[in-house]
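Colleague: Predicted model and sequence below, questions to follow.
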Amino acid sequence: MDTKTDALVSRALEGDRDALEALLAEVQDTVFNLSLRMLGTPADAEDASQDILVRVMTNLASFRRESSFSTWVYRIAVNFLIDYKKSMFAHAPLNFDFYGADIASVQDAPYTGSADAELLAEELKFSCTNVMLQCLSPEDRCIFILGTMFRVDSRIAGEALGISAANYRQKLSRIRKRMSAFLAQYCGLSGTGMCSCKRRAGHAVKQGRIDPEKPAYTALETLDSGLLASCKDEMEAMDDSAAIFASFPAYRSPMSARQFLRELLDSRGMDAIRAF
């Protein structure tokens, strides 16, 4: 663990509210982005990331510094998200066969309304690929996200998931092959797939999957590309299809989530730590 983070942990445990706020703010965007990829919608990601930050705060006294603080937070977040049952897709699980049939059923339904068609195509791209992740089981989804988006070192990812680094790499390789095969057949971003975001945007609007008046993804504030890069040590070679996911932006936590953090610290912060 780096000296700065170690000092923040020590000060937070001693009752320094500013240190606790800085510590939680340090991981807030990472937790939100992991939650977004795991759960598929910004609304669900915001709710889950708030719950995770509460767990980080209330369990801080149990952090033994045997691993890095970020690895410890990953472990809390991963365990919480794999078992999360309150998201939209937890109640309507998907698989690749179903989603592929849905894509194949409509190929030419461009948007013809008054909203910006290019912006809607971008919205559909981010929405569709996040939905695509929901076709994986929660554990496989987490392995794929950590490996292709967060590019977490296999040792750290394995530790967070409770498996060996070698087992994690084997699983990641198999999952990448499954995802790459699906993308190659159905996703135009791969260069070979049948679907085009522009040609399918009208259908997505009609089905209520994206809202021209209230975009969920393109309305989020993006961060510089260094956010996810700062969360990992090394990266295994990726195929071109997996790189589609890795190229997507990292997002800043919504303002409401940052307000939640301030209110949480004002109402419960130091008392919650002292209780443990």
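Modeller: Done, it's in. Numbering: from 1, shown residues only.

Colleague: List of residues touching stretch 18-31?
Modeller: Applying C-beta atoms under 8 Å, 6 or more residues apart in numbering, the external contacts of stretch 18-31 come out as 5, 7-9, 11-12, 49, 52-53, 56-57, 60, 69-70, 73, 77, 150, 223, 227-228, 231, 250-253, 257-258, 261-262, 265, 269-270, 273. For glycine as for every other residue, the C-beta is placed from the backbone atoms N, C-alpha and C.

Colleague: Residue 203 is in contact with residue 106, correct?
Modeller: Yes - in this structure residue 106 lies within contact range of residue 203 using C-beta atoms under 8 Å: 4.6 Å.

Colleague: Which of the contacts of stretch 18-31 fall in strands?
Modeller: Of the contacts of stretch 18-31, none are assigned to strands by DSSP state E.

Colleague: In helices, which of those appear?
Modeller: Within those, residues falling in helices by DSSP state H are 5, 7-9, 11-12, 49, 52-53, 56-57, 69-70, 73, 77, 227-228, 257-258, 261-262, 265, 269-270, 273.

Colleague: quick one: the helices in the stretch 101-250 of the chain?
Modeller: For the stretch 101-250 of the chain, the helices defined by DSSP state H, counting those that start in this stretch cover 117-133, 138-148, 154-161, 165-186, 197-206, 226-229, 240-246.

Colleague: Same list, those, but as CSV with distance to residue 111, mean pLDDT and mean neighbour count please.
Modeller: Putting those into CSV (distance: least, C-beta to C-beta, whole Å; pLDDT from 0 to 100; neighbours: other C-beta atoms under 10 Å) gives the following:
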stretch, distance to residue 111, mean pLDDT, mean neighbour count
helix 117-133, 5, 93, 20
helix 138-148, 29, 94, 22
helix 154-161, 38, 90, 22
helix 165-186, 20, 94, 17
helix 197-206, 4, 94, 20
helix 226-229, 30, 51, 14
helix 240-246, 22, 70, 18
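
Colleague: Mind putting those helices into a markdown table with distance to residue 214?
Modeller: As requested, those are exported to a markdown table (distance: least, C-beta to C-beta, whole Å):
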| stretch | distance to residue 214 |
| --- | --- |
| helix 117-133 | 10 |
| helix 138-148 | 25 |
| helix 154-161 | 34 |
| helix 165-186 | 27 |
| helix 197-206 | 12 |
| helix 226-229 | 25 |
| helix 240-246 | 24 |
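
Colleague: Figure out which of these is closest to residue 219.
Modeller: Closest approach to residue 219 among the helices of the stretch 101-250 of the chain is made by helix 117-133 (8.7 Å; C-beta to C-beta).

Colleague: Give me the contacts around the closest one.
Modeller: The set of residues external to helix 117-133 that reach it, using C-beta under 8 Å, 6+ apart, is 36-38, 40-41, 89, 94, 99, 110-111, 141, 144-145, 179, 182-183, 187, 189, 195, 197-198, 200-201, 204-205, 209-210, 212, 215-218, 244-245, 248.

Colleague: residues in contact with residue 170?
Modeller: Applying C-beta under 8 Å, 6+ apart to residue 170 gives no contacts.

Colleague: typo on my end, residue 138
Modeller: Shown in contact with residue 138 (C-beta under 8 Å, 6+ apart): 38, 81, 82, 83, 84.

Colleague: Just the residues you listed: which are in strands?
Modeller: Using DSSP E, none of the contacts of residue 138 sit in strands.

Colleague: Quickly check those residues for the two that are furthest apart.
Modeller: Across the contacts of residue 138, the longest distance by C-beta to C-beta is 10.9 Å; it joins 38 and 83.
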